[in-house]
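In: Sharing a model that was predicted from the sequence below.
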Amino acid sequence: MKRDSIKRISILGSTGSIGTQTLQVVEESDNQFEIEYLTTNTNIEILAEQVQKFQPKGVVIKDYEKYKEFKKNYSFSGEILTGEEGLCRAAASERNDLLVSALVGFSGVLPTICALEKGIDVALANKEVLVAAGKFVSEISAKSGAKIIAIDSEHNAILQCLIGEDMASVEKIILTASGGPFLGASLESLAEVGVDEALAHPRWNMGKKITIDSATLMNKGFEVIEAHWLFNLSPERIQVVVHPESIIHSLVQFVDGAIKAHLGFQDMRIPISFALNYPKRNYYNFPRIDLIEIGKLSFSQPDTQRFPCLKYAYEALEIGGTAPAILNSANETAVQAFLQKRISFVQIPACIDFALSNIDILEEPSLEDVFETDRITRELTERFINKKN
């Protein structure tokens, strides 16, 4: 294969769920990709295995102590960077043809912006980037000409449904939600939910944070905000329906009443492969769905009384300004506290409601205001959590 036909990619968060599956796609792609940078926060053992297999030009270990440990214990002749500065340097490397942004939470905002400013296309799995800083990310993308290609199965599905279509003909988009592990649970029983139960997603194998977000329906709320920025649609044109089978990943309804739906197996490698090869498709031996075996598909209205996080996301999007950033930061703080067994499952939305009700919302923030809002929200939400205990 000629050198100029190879796509050079860096992966932020290569040791996480999306990162490891991205590398599986790379491995099955017949030498179509070269790895520039791989990054992790602390998981240097998996990173070392990835380095040996994929021979990247450099790595980033964000945690400084783990960075020192990696340099001491592992042999690697490439560049070894650390901290947020290292992440930004890897993301904005002039060698990158594509950046896979798969960090968890707000930490992905600055590196993603650094890549877009350099005109580097971003395959985005970190939905919090658009939730917290969608206005700025969208403006930078438009100015530099760098594309944002969604890896999320729902937004990736919408992108595929829109190929060859005029956005002016789109009436609305419909995001599907599995409903998570507590779809039929009563409000009373949710108060007794444990961490292991919340992490037992019925359909998808994901990282801990996104799995909890799926259980609270906050993940779907984030996807509503993400869809707003990706497809320039107002909140009332973004609908959420519960679809437990998770076979239809999203739908687009057009002005003539026609609907396009994207169907596929619950395998994140499928949207990842589309994002890596966009706008082309390549053959992969991924699982195929059998419609006869599936038999039927079901849909229902989400219950925002039992799962108010979805409602809070719509409200934050309507308010605008720093409200989505507050939503995101309060949620990250609350989910971490739940995983640490410091609060209950139903206290996650209570933390978000507190933050949105008690933190000043700036209508026309700067990017610096967004970062300051993130700091303030985490601090005040943590205080709220400590008072609960």
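Out: Yes, it's here. Numbers count the residues shown, from 1 in each chain.

In: rest of the way, CA atoms for contacts and neighbours
Out: Noted.

In: Please identify the helix or strand for V100.
Out: Assignment of secondary structure by DSSP states H and E places V100 within strand 98-101.

In: ignore the last one, Y37
Out: Assigned by DSSP H and E, Y37 belongs to strand 33-40.

In: which residues touch that strand?
Out: Residues lying outside strand 33-40 but in contact with it, judged by C-alpha atoms under 8 Å, 6 or more residues apart in numbering, are 6-16, 26, 47, 51, 54-62, 87, 90, 95-96.

In: taking those residues one by one, which sit in helices?
Out: Secondary structure from DSSP state H places 26, 47, 51, 54, 87, 90 of these in helices.

In: now, the most widely separated pair of those?
Out: Farthest-apart pair in these is V26 and L87; separation 20.9 Å (C-alpha to C-alpha).

In: Among those two, which residue is more densely surrounded?
Out: Taking V26 and L87 together and counting by other C-alpha atoms under 10 Å, L87 has the greater number of neighbours (28 against 20).

In: Quick check: the gap between that one and N41.
Out: L87 sits at a distance of 10 Å from N41 (criterion: C-alpha to C-alpha, to the nearest Å).

In: Would you mind giving both backbone torsions of the residue nearest to H228 when sequence neighbours are not counted?
Out: With C-alpha to C-alpha, 6 or more residues apart in numbering as the measure, S234 is the residue that lies nearest to H228, at 6.2 Å, once sequence neighbours are left out. Listed backbone geometry of S234 is phi -70, psi 160, with angles given as degrees, to the nearest 10.

In: any idea how far S234 is from G320?
Out: Going from S234 to G320 by C-alpha to C-alpha gives 12 Å.

In: For V242, give its distance to K208.
Out: Computed as C-alpha to C-alpha, the V242 to K208 distance reads 21 Å.

In: on that earlier part again, quick check: mean pLDDT of the strand holding Y37?
Out: Throughout strand 33-40, pLDDT has a mean value of 98.

In: for that strand, the distance to its chain's centre please.
Out: Centre-to-centre, strand 33-40 and its host chain are 19 Å apart (C-alpha atoms, centre = their mean, to the nearest Å).

In: Give the pairing partners of it; include direction for each.
Out: Within its sheet, strand 33-40 is paired with strand 7-12 (parallel), strand 58-61 (parallel), according to DSSP bridges.

In: Out of those strands, the one nearest Y312 is which?
Out: When the strands paired with strand 33-40 are compared (using C-alpha to C-alpha), the closest one is strand 7-12, at 28.7 Å.

In: Give me the contacts around the closest one.
Out: Under the contact criterion C-alpha under 8 Å, 6+ apart, strand 7-12 has outside partners 19, 32-40, 87, 90-91, 95-103.

In: in it, what's buried?
Out: When neighbours are counted by 16 or more other C-alpha atoms under 10 Å, the buried residues of strand 7-12 are found to be 7-12.

In: Surely S144 is in contact with K118?
Out: Yes: taking contacts as C-alpha atoms under 8 Å, S144 lies within contact range of K118: 7.1 Å.

In: Show me the domain layout of this structure.
Out: In terms of domains, the chain is parsed into 3-151, 153-266+287-312, 320-389 (source: automatic domain parsing).

In: Output those in JSON lines, with distance to L276 appended to each entry.
Out: Formatted as JSON lines, those follow (distance: least, C-alpha to C-alpha, whole Å):
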{"stretch": "domain 3-151", "distance to L276": "7"}
{"stretch": "domain 153-266+287-312", "distance to L276": "11"}
{"stretch": "domain 320-389", "distance to L276": "27"}
